[in-house]
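Enquirer: Provide a 3D model corresponding to the input given below.
(chains A and B)
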Protein chains: 2
Amino acid sequence: VGSPKPRHLLATEDEVIELIRDTIGSGIEAFGLRDDAAVLDAPAGGPLVLSVDSVVEGVHVDLALCSPGDVGWKALMGALSDLAAMGAAPLGALVALCVPGGSGRGDLAVGVMAGVAEASTVAGCPVVGGDVSGAAELVVAVTVLGTVADGGPPPVSRAGARAGNVVLVTGACGGSAAGLRQLRGADPGSDRGQSYRRPTARLREGEVARRAGAHAMIDVSDGLALDLHRLADASGVGFTLDDVPVAEGATLEEALGGGEDYELVIAVEERIVDALSSSFEAEGLRTPVSVGTFTSDPSRRLLKGRELERLGWQHRVG
Amino acid sequence: VGSPKPRHLLATEDEVIELIRDTIGSGIEAFGLRDDAAVLDAPAGGPLVLSVDSVVEGVHVDLALCSPGDVGWKALMGALSDLAAMGAAPLGALVALCVPGGSGRGDLAVGVMAGVAEASTVAGCPVVGGDVSGAAELVVAVTVLGTVADGGPPPVSRAGARAGNVVLVTGACGGSAAGLRQLRGADPGSDRGQSYRRPTARLREGEVARRAGAHAMIDVSDGLALDLHRLADASGVGFTLDDVPVAEGATLEEALGGGEDYELVIAVEERIVDALSSSFEAEGLRTPVSVGTFTSDPSRRLLKGRELERLGWQHRVG
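Expert: From the prediction side, this is the model:
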């Protein structure tokens, strides 16, 4: 009670949580200490799908290139992309926010959570809980909960691709890496790295692909090549690609190894590709692009007849 | 493929995740990149209860006083204590692990996850997912999912205490703070800070109290006094305490302001205290201690007739 403290003097978790609530309001359903835990209705009749993803300053993001809001957005969308790759719809998210001290900590915390709230609104995924801690550097760990409670097929794993399945991609890759390159350079380009700063999880695409009968899916989080190899590893198959879709302004290497595009790679039987494409169109989504075929020999992983390297962003630990 | 790298040369997330799986095996149901997300059966007929809690090196723990395993244990038990305070049973946990680089990073990651796995076994809460990142310091953010799918009362909030309710505590407080003091001193005591290093969430106690009809609950995570004030704030009541149970070797100040004891504070109608105590005994649990009464004037918060300060550990942000 009394007049609010200036933001840069905020010291305790409770104070930061109050500020986040006061500033962001309706974008955040529940954050922090209102109760010990969040309570949600369980979905009727479908399994739960859960994933956690962290964004760490200096490892995944550079605050010289991204705003705090971008970091919050990227953290939630990165976690939601894992739900998209299972064909699941989001039910809610929990955010563990670790913010460094010093002046401006209140602004940093509020900025990150404002970006989380924007992504939450766009994705239709309420923030149902959260926690604030001090730390030496900014860490945003987001857990997302989803379900497939629509009576359709179960969540789609990485492991279901079969030889003869078509390899579909929901869109062009490399845009995020190109955006990062532009932000680092003298000319940030006309969209100022939007694809890098504000990627979107393909939640609708994942749901439609699951209901259409996709055998396997993965999201392009670390690079189209690396993520395709991971899907092929899990499924015990090879692949032969004719070509890959490269985002405008991106290079082939960025498309293959860039990551954070969040396009989905989908394995489907050839006979249902047309029906799947029609379902995408009916939902107002871009038609997925056929880029090749999964094959039986797991040691053969080809692009235009040449071996495809495991290009991609392997997050270095430390 | 090929001979394993020495642990101190591990660099990528995938390598650390493989090492964790290889070392810990059955204690961890699923961790890391096996699929994009974990899939769990939804509980039949009960709501979901979710919470997230972070442990940050240098803020919440000091690796000179705790082993990596202690940190992992404390991180999972701290999150589970929030479920206990709602009267919920755990369904699963997800662990976001951020580990600093340098030599020994593999040992640190495995040590933390070994402690998580031990706590997981003791609490009956499988680790269903996780993620590894680099970071400047160790951060362990744990999200837990639980439910009350037993046909009994709904999750117990902090806000339900009524004037005239009895204040129960499930056990003596201050043991964790006393353990930390002993670890910091020359004589770590006979239990070597066990209460501090290996606290346990009162999951069974919380469930039994909910089924017996508790009106409100909170766990003692930041200090009995501060957490009691928080429950009273949320409920709009005051309280008058006759005394508080102090753990062996602890001071009254440690009992009131120490935190991380994870005992539960329970608000119940006086007429059901006996039945609640019998339920605890029937389950082989210690009988809760009656320490006072909730009162109607929210501005009166008394211990032995004197105003009770908001003693407790307010985690400083930065």
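Enquirer: all contacts plus neighbour counts: C-alpha atoms, from now on.
Expert: Fine.
Enquirer: all strands for the stretch 51-200 of chain A, in order.
Expert: A:89-99, A:127-134, A:139-147, A:166-169 (DSSP state E, counting those that start in this stretch).
Enquirer: how much does the first one deviate in direction from strand A:139-147?
Expert: For strand A:89-99 against strand A:139-147, the angle between stretch directions is 170 degrees (axes from the mean of the first three to the mean of the last three C-alpha atoms, to 10 degrees).
Enquirer: Dump strand A:89-99 to CSV, keeping only the CA atoms.
Expert: Coordinates of each C-alpha in strand A:89-99 appear next as CSV, following Å, rounded to 0.1, in the frame of the first residue of the first chain:
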residue,chain,number,x,y,z
ALA,A,89,-4.0,-27.6,-29.8
PRO,A,90,-2.7,-25.5,-26.9
LEU,A,91,-4.5,-25.4,-23.6
GLY,A,92,-2.1,-23.2,-21.6
ALA,A,93,1.5,-22.2,-20.9
LEU,A,94,3.6,-21.7,-17.7
VAL,A,95,6.5,-19.3,-17.8
ALA,A,96,9.6,-19.5,-15.6
LEU,A,97,11.2,-16.0,-15.9
CYS,A,98,14.8,-15.5,-14.6
VAL,A,99,15.8,-11.8,-14.8
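Enquirer: so where is the stretch 201-318 of chain A shaky, pLDDT-wise?
Expert: A:314-318 (pLDDT under 70).
Enquirer: and residue A:48, what are its phi and psi?
Expert: Main-chain torsions, residue A:48, degrees, to the nearest 10: phi -90, psi 140.
Enquirer: How many residues are close by it?
Expert: Using other C-alpha atoms under 10 Å in any protein chain shown, residue A:48 has 24 other residues around it.
Enquirer: next one: the one 3 residues further on
Expert: When counting by other C-alpha under 10 Å, one arrives at 30 neighbours for residue A:51.
Enquirer: I figured it hits residue A:144, correct?
Expert: Yes: counting by C-alpha atoms under 8 Å, residue A:51 touches residue A:144, with 5.5 Å between them.
Enquirer: List the residues that are in contact with both of those two.
Expert: A:79, A:83 (C-alpha atoms under 8 Å, 6 or more residues apart in numbering or on different chains).
Enquirer: hang on, the earlier thing: winner for burial among the strands of the stretch 51-200 of chain A?
Expert: Counting by mean count of other C-alpha atoms under 10 Å in any protein chain shown, strand A:139-147 has the highest mean neighbour count of those, with a mean of 29.
Enquirer: contact partners of that strand?
Expert: Outside strand A:139-147, the residues that reach it (C-alpha under 8 Å, 6+ apart) are A:43, A:46-57, A:72, A:75-76, A:79-80, A:83, A:88-99, B:94, B:96, B:141, B:143.
Enquirer: Paired strands for that strand, with orientation please.
Expert: Strand A:139-147 pairs in its sheet with strand A:48-56 (antiparallel), strand A:89-99 (antiparallel), by DSSP bridges.
Enquirer: check whether stretch A:157-172 contacts chain B.
Expert: Yes: with C-alpha under 8 Å from any C-alpha of the partner chain as the criterion, chain B is reached by stretch A:157-172 at A:157, A:158.
Enquirer: What is the end-to-end distance of that stretch?
Expert: 22 Å (C-alpha to C-alpha, to the nearest Å).
Enquirer: With stretch A:45-65 instead?
Expert: Stretch A:45-65: ends 44 Å apart by C-alpha to C-alpha.
Enquirer: tell me which residues of that stretch are tucked away?
Expert: A:45-57, A:59-61 (16 or more other C-alpha atoms under 10 Å in any protein chain shown).
Enquirer: How far away from the center of its chain is that stretch?
Expert: In terms of C-alpha atoms, centre = their mean, to the nearest Å, the centre of stretch A:45-65 is found 7 Å from the chain centre.
Enquirer: what about that stretch, average pLDDT?
Expert: Mean pLDDT, stretch A:45-65: 90.
Enquirer: which helices and strands does the helix or strand where residue A:231 lies pack with?
Expert: In this structure, residue A:231 sits in helix A:224-235 according to DSSP states H and E. Judged by 3 or more C-alpha pairs under 8 Å, 6 or more residues apart in numbering or on different chains; DSSP states H and E, helix A:224-235 is in contact with strand A:216-219, helix A:252-257.
Enquirer: Repeat the analysis, applying 6 Å as the threshold.
Expert: Judged by 3 or more C-alpha pairs under 6 Å, 6 or more residues apart in numbering or on different chains; DSSP states H and E, helix A:224-235 is in contact with no other helix or strand.
Enquirer: just to revisit the earlier point, distance to residue A:295 for the strands paired with strand A:139-147 - can I get that in JSON lines?
Expert: Formatted as JSON lines, the strands paired with strand A:139-147 follow (distance: least, C-alpha to C-alpha, whole Å):
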{"stretch": "strand A:48-56", "distance to residue A:295": "29"}
{"stretch": "strand A:89-99", "distance to residue A:295": "30"}
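Enquirer: how much space is there between residue A:179 and chain B?
Expert: Remark: distance between residue A:179 and chain B (C-alpha to the nearest C-alpha, to the nearest Å) = 23 Å.
Enquirer: what's the closest non-adjacent residue to residue A:156?
Expert: Distances taken as C-alpha to C-alpha, 6 or more residues apart in numbering or on different chains place residue A:86 nearest to residue A:156, at 4.6 Å, with adjacent residues excluded.
Enquirer: List the strands paired with the helix or strand following the helix holding residue A:231, with their directions.
Expert: The helix or strand immediately downstream of helix A:224-235 is strand A:238-241, counting by DSSP H and E. Strand A:238-241 pairs in its sheet with strand A:289-295 (antiparallel), strand A:301-303 (parallel), by DSSP bridges.
Enquirer: who's in contact with strand A:238-241?
Expert: If you take C-alpha atoms under 6 Å, 6 or more residues apart in numbering or on different chains as the criterion, strand A:238-241 is touched by A:232, A:291-298, A:300-303.
Enquirer: Which among the residues you listed count as buried?
Expert: Buried members of those, counted by 16+ other C-alpha under 10 Å: A:232, A:291, A:292, A:293, A:294, A:295, A:298, A:300, A:301, A:302, A:303.
Enquirer: Relative to residue A:134, which of those is nearest.
Expert: Proximity of those to residue A:134 (C-alpha to C-alpha) peaks at residue A:232, which lies at 40.4 Å.
Enquirer: what are the bridge partners for the closest residue to the closest one other than its chain neighbours, then?
Expert: Closest residue to residue A:232 apart from its sequence neighbours, by C-alpha to C-alpha, 6+ apart: residue A:238 at 6.0 Å. Beta-bridge partners recorded for residue A:238 (DSSP bridges): residue A:295.
Enquirer: Let me know how buried residue A:238 is, in neighbour terms.
Expert: Other residues close to residue A:238 by other C-alpha under 10 Å number 23.
Enquirer: likewise residue A:270?
Expert: If we define neighbours as other C-alpha under 10 Å, then residue A:270 has 12 of them.
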